[in-house]
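Asker: next come a sequence and a model predicted from it.
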Amino acid sequence: MRVIGGERMDCEEVLVSVWRQVLVEGKDEVTLGSEVFRVSFLRAKKLKAVEFTCRGYAIAGIEQNPNTASQWAQLARQGKRIMQFRCAGRYIANVCEGKLCRYAGWRGLGLEEHDR
């Protein structure tokens, strides 16, 4: 858990906070507790991305590419704000309009038992 604004946040809440700061508030930096992480752009696709840590895991948040064939890309083309999250080479979750969707990789990291 991470302490943010005096409150303890689990990784689920951290991912939603990162999504909100990057895609809703349009911040250039994400603040998690006393740590600040810079938002960058993937040059080839012009998508926002940020690397941060949660419970010792290095996590990358990447704005959903609307130019793919996935269901998430289709939602992005419709204007939904979606961020995909990767850790240890696997997609672990996404946040779409503030709602977290966990993938099998989430359980593989052992996050499910701690962050339910």
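Answerer: Great, that's in hand. Numbers count the residues shown, from 1 in each chain.
Asker: the protein: strands as residue ranges?
Answerer: Assigned by DSSP state E, the strands in the chain fall at 2-4, 7-9, 29-32, 35-42, 47-54, 57-63, 82-87, 90-96, 99-102.
Asker: where does this protein dip in pLDDT?
Answerer: Counting by pLDDT under 70, the ranges of the chain that qualify are 1-9, 112-116.
Asker: can you show me the CA trace of the longest helix belonging to it as PDB?
Answerer: In terms of residue count, the longest helix belonging to the chain (DSSP state H) is helix 11-19. Taking C-alpha atoms only, helix 11-19 is exported to PDB below (Å, rounded to 0.1, in the frame of the first residue of the first chain):
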ATOM      1  CA  CYS A  11      -2.400  -0.800  -6.300                       C
ATOM      2  CA  GLU A  12      -5.900  -0.700  -7.700                       C
ATOM      3  CA  GLU A  13      -6.400   2.800  -6.400                       C
ATOM      4  CA  VAL A  14      -2.900   3.800  -7.500                       C
ATOM      5  CA  LEU A  15      -3.600   2.700 -11.100                       C
ATOM      6  CA  VAL A  16      -6.900   4.700 -11.200                       C
ATOM      7  CA  SER A  17      -5.000   7.700  -9.700                       C
ATOM      8  CA  VAL A  18      -2.400   7.500 -12.500                       C
ATOM      9  CA  TRP A  19      -5.100   7.200 -15.200                       C
END
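Asker: just name the most buried of the strands of the chain.
Answerer: The highest average neighbour count among the strands of the chain, using mean count of other CB atoms under 10 Å, belongs to strand 82-87 at a mean of 22. Just so you know, the C-beta spots here come from the backbone N, C-alpha and C atoms, and that holds for glycine as well.
Asker: which elements pack onto that one?
Answerer: helix 11-19, strand 57-63, helix 71-77, strand 90-96 (3 or more CB pairs under 8 Å, 6 or more residues apart in numbering; DSSP states H and E).
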